[in-house]
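Q: what shape does this take:
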Amino acid sequence: MFTGIVTDLGRVAAVAKTASNGGDRRFKIGVNSDLSEAAIGASVACNGCCLTVVEKADDWFAVDVSAETLSKTTLGAWTEGTPVNLERALKFGDELGGHLVSGHVDGVGEITAIAPDGQSKRYTVRVHGDLAKFIAPKGSVTLDGVSLTVNEVDDVSFGVNIIPHTQSVTTFGGYKVGDKVNVEIDLLARYVARLFEAGAVPAAKR
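A: Coordinates of the predicted model:
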């Protein structure tokens, strides 16, 4: 589990096919943080995707990504130099600064507008209709591994504010209209919707 609070802004240092050569890829990601406590097999959220460390050195680690994940997330477009939001997995006793994030991407959204909003920037993101129903005003959403609060929802689009600090320490500082982002809906919204679908929770009467 993660919190959606990015702890390092890494960068793809190399891309290679894995030994299986079945469409999977191995990404070597350069980091600025200390990896001494990150064991082989540890989980790291990379732009919101929970991935497993398979190699590491003092200033980089490597992950293997399946063809399925490449096709369902933005990772399929990663090239050498791509910036990556990074977060280590939670430990018991860690501060829960964002919201509970699983690292399982639900879909890909597209940034359709970026506008100044005071010192912040307002990003409008469009998602597939199957995801839009899980996103609610003032609810939580994870975009490329960043925990954010939803400002408003309009059909299949929603807005979030990115403060200057977040722009400076995450990939959001370099995004432009048309860029794609990994979307993870709120865990609570997912399970409440499933309970309604299963009839376990009666619909509210008007």
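
Q: tell me where this protein has helices.
A: 67-72, 129-132, 164-169, 187-198 (DSSP state H).

Q: the third one: how far from the chain's middle?
A: What that stands for is helix 164-169. 16 Å (CA atoms, centre = their mean, to the nearest Å).

Q: please save the CA atoms from that helix in PDB.
A: These are the backbone C-alpha positions of helix 164-169, laid out as PDB (Å, rounded to 0.1, in the frame of the first residue of the first chain):
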ATOM      1  CA  PRO A 164       3.400  25.100  -6.700                       C
ATOM      2  CA  HIS A 165       5.200  22.600  -4.300                       C
ATOM      3  CA  THR A 166       3.600  19.600  -6.100                       C
ATOM      4  CA  GLN A 167       4.500  21.100  -9.500                       C
ATOM      5  CA  SER A 168       8.200  21.400  -8.400                       C
ATOM      6  CA  VAL A 169       8.600  17.900  -6.900                       C
END
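
Q: mind listing what's buried along that helix?
A: The neighbour-count check on helix 164-169 (16 or more other CB atoms under 10 Å) flags 166-167, 169 as buried. All C-beta atoms are positioned from the backbone trio N, CA, C, and that covers glycine.

Q: and the closest residue to residue 4 other than its chain neighbours, what pLDDT?
A: Of all residues not flanking residue 4 in the chain, residue 147 sits nearest, at 2.5 Å (CB to CB, 6 or more residues apart in numbering). Residue 147 carries a pLDDT value of 96.
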